[in-house]
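Enquirer: for reference, the sequence and a predicted model appear below.
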Amino acid sequence: MRAMTADPPERAAGPSTGSPRATTSEAPPSPALPPGFDPSRPRGGLGLDPRPGIAGLTPAALEAWVRERGEPSYRARQILDAVWRSFARQPDELTTLPKPLRAALGEAFRLDTIAESEVRVADAGRTEKVLHRLCDGAVVESVVMHYPAGPGHRERHTVCISSQAGCAVGCPFCATGELGFTRDLEAAEILDQVRDAARRLAERGRRVTNVVFMGMGEPLLNLDAVLAAVEALNDPRRFGLGARHITVSTSGVVPGIRRLTELGVQFTLAVSLHAARDPLRDVLVPLNRRWPVAEVVAAARDHARATGRRVSYEVTLIAGVNDTPTDAAALAELLAGELAHVNLIPMNPVAHTPWTASPPEAVERFAAILRRAGIPVTIRSNRGVEIGAACGQLAAERAGAPPPPAVQRRRERLLRASAAALRRARLADGARAGSAGPAVAAASERG
Ligand code: SAH
Ligand code: SF4
């Protein structure tokens, strides 16, 4: 997960109702398990709750529910306001409703699908990393990043949210990938992370200005729930956030990208590319074996053309693995002529990988090659490293590190796989040396 820079909108938000079960603490110098989260507690320890989360309901569904009870339709508006302007967590907070209706609402729906939230503050208050326990005991993370106003832009408050508990894609540099997949989140569970952030911000007179799906999970593998969540975030009757201030990030689920294109939704699509050449991307993003990089970029290009919206390509730079001038040149060639923007971020250290972040000079050299090829680039700082800015790190700590021999074996396997991938990529480069575009060859030499 990383910082985003899209311009913020201002949106209306109502008064805060407080966050009774959330606790906030200053981050300890070295991350430890948050108090109150017992790693030995079995999943499902809080029991499964069959009531749907209210944040996942459309205004039409709420109106129908209100009508069925013989109540006037303005009651639906009052409920929507309580959910989306006051960010209510309990039926008692809906003081505009008669008590019997409040009780019926509480029986039919969960006002909040998050059972418990633990907040860790870092970066002198500029970053908040939040561990949420859901009603069945599954744990997900969100991050709130605060940016002060600067020349030409207002202050921003970006929330990075999770779409799944864990992730099945298994990128070896990612803490969530290491956890494996637990389950998809419901739309309400996705939205309640935003409401949690909005509630805490409202206590300080602030609003959520941007939402990024860059937390745990692969959003396009839980597409229906993610689309329902995006619709609620964008809906003026609900959260009312401009689509341009919502970013959905994918590791390259081609059918998902194509479906988004057909729907014509206007949010920003971010593609986690990490490598332009298949042998290396097969190692870094295992999904690449199913949808190779050329197919991913072709789908993203079609999306950019159909929506007129620039696609963000994310590249996590790993020292000596994907940060060489040859990698930069291959990326420049792949993205030539695309409506694209590249974000470079040095890898956040993750316990189970043998790799380290690219040094600043390698990042600069990589960026320079892309810029010379006419591709806009932003270098991101890995903010909040001390609290695990890559989503999944808190949950990974909580799950407990694998035993050292297993970590060691995995590290050795990854080193072998990345070295073999680089060898294969070099062989392929050699084979096509004669046919490589002059711009790419020149860029490599200059790098
Ligand atoms: N599954 C989606 C969205 C969640 S991951 C995806 O992969 O796009 C969000 C971003 O965090 C991705 O770009 C991912 O590559 C990046 N990321 C994961 N682990 C990281 C790490 N250790 N350092 C830097 N970025 C990381
Ligand atoms: Fe899943 Fe994204 Fe992490 Fe890859 S980077 S394992 S797709 S969350």
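Expert: Structure received. Ligands and ions are numbered 1, 2, ... in the order given.
Enquirer: gap between the most centrally placed residue in the chain and residue 250?
Expert: For the chain, residue 214 is the residue whose C-alpha lies nearest the centre (CA atoms, centre = their mean; 1.0 Å). To residue 250, residue 214 is 10 Å away according to CB to CB, to the nearest Å. Yep, even glycine has a C-beta here, placed from its N, CA and C like the rest.
Enquirer: same thing with residue 278?
Expert: For residue 278, the distance to residue 250 - CB to CB - is 18 Å.
Enquirer: for this structure, which helix is longest?
Expert: helix 404-431 (DSSP state H).
Enquirer: how about the closest residue to residue 417 other than its chain neighbours, secondary structure?
Expert: Spatial nearest neighbour of residue 417, chain neighbours left out: residue 283 (4.7 Å); criterion: CB to CB, 6 or more residues apart in numbering. Secondary structure assignment for residue 283 (DSSP: H, G, I helix; E, B strand; the rest coil): helix.
Enquirer: quick one: contacts for residue 283?
Expert: By CB atoms under 8 Å, 6 or more residues apart in numbering, the contact list for residue 283 reads 172, 414, 417, 418, 421.
Enquirer: where does the first one land on pLDDT?
Expert: In this model, residue 172 is scored at 91, pLDDT.
Enquirer: neighbours of the residue lying closest to it once chain neighbours are set aside, just the number please.
Expert: In this structure, residue 172 finds its nearest non-sequential neighbour in residue 414, 5.3 Å apart by CB to CB, 6+ apart. Residue 414 has 19 neighbouring residues, counting by other CB atoms under 10 Å.
Enquirer: how about residue 264?
Expert: 9.
Enquirer: the residue of the stretch 51-200 of the chain found nearest ligand 1: neighbour count?
Expert: Going by CB to the nearest ligand atom, ligand 1 is nearest to residue 174 of the stretch 51-200 of the chain, at 3.5 Å. Neighbourhood size, residue 174 [other CB under 10 Å]: 28.
Enquirer: backbone dihedrals for it, please?
Expert: phi -110, psi 130 (degrees, to the nearest 10).
Enquirer: try the one 3 residues further on
Expert: Dihedral pair for residue 177: phi -60, psi -40, per degrees, to the nearest 10.
Enquirer: got a list of what it touches?
Expert: Shown in contact with residue 177 (CB under 8 Å, 6+ apart): 167, 169, 170, 171, 392.
Enquirer: just the ones of these in strands?
Expert: Among those, no member falls in strands (DSSP state E).
Enquirer: the helices in the stretch 101-250 of the chain, which residues?
Expert: 175-179, 187-203, 223-234 (DSSP state H, counting those that start in this stretch).
Enquirer: okay, those helices in TSV with mean pLDDT next?
Expert: Below are those laid out as TSV (pLDDT from 0 to 100):
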stretch	mean pLDDT
helix 175-179	85
helix 187-203	97
helix 223-234	96
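Enquirer: to ligand 2, which of those helices lies closest?
Expert: Evaluated over those, closeness to ligand 2 peaks at helix 175-179, with 2.9 Å, by CB to the nearest ligand atom.
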